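Undergrad: Prediction below, plus the sequence it came from.
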Amino acid sequence: MDYVRAAITARGALDEAREALKEAEKDDTAAFQAAVTTGGWAAEELRKIGLSAPEKVQRVQRRRKVAKNSTGSAGENTNPTAEATHETQVEQSTADN
């Protein structure tokens, strides 16, 4: 049971550290932007003294669910892969003739 408690404690500390990192990155970005917009510093000048622009944080985007029916309401094909496959088949059949 001691191992489980230690694992739970470690996981909690990890979650807290991740939240602290997110907050620090947010503060860093705000301070850099303030130096550029309000402080009158150029990003190039800041880079020369060792303050590079904050890296963009990658956000995970949720994928939109695709309807099972691959045709639109007007009967248009909304599946580009199927459309490209069809075009390839047409090109091959005309090349064979």
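TA: Here it is on my side, so go on.
Undergrad: Look up how far residue 46 lies from residue 16.
TA: Residue 16 sits 30 Å away from residue 46, going by C-beta to C-beta, to the nearest Å. C-beta coordinates here come from the backbone N, C-alpha and C atoms, glycine included.
Undergrad: So the two - more neighbours on which side?
TA: Using other C-beta atoms under 10 Å as the criterion, residue 16 and residue 46 rank with residue 46 on top: 16 against 10.
Undergrad: Could you say which helix or strand holds that one?
TA: helix 43-48 (DSSP states H and E).
Undergrad: Could you export that helix as PDB, CA atoms only?
TA: The C-alpha trace of helix 43-48 is given here as PDB (Å, rounded to 0.1, in the frame of the first residue of the first chain):
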ATOM      1  CA  ALA A  43      12.000  41.200 -31.000                       C
ATOM      2  CA  GLU A  44      15.400  41.200 -32.700                       C
ATOM      3  CA  GLU A  45      16.900  43.300 -30.000                       C
ATOM      4  CA  LEU A  46      15.600  41.000 -27.300                       C
ATOM      5  CA  ARG A  47      16.900  38.000 -29.100                       C
ATOM      6  CA  LYS A  48      20.400  39.600 -29.200                       C
END
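Undergrad: Give me the contacts around that helix.
TA: Contact with helix 43-48 is made by 32, 35-36, 52-53, as judged by C-beta atoms under 8 Å, 6 or more residues apart in numbering.
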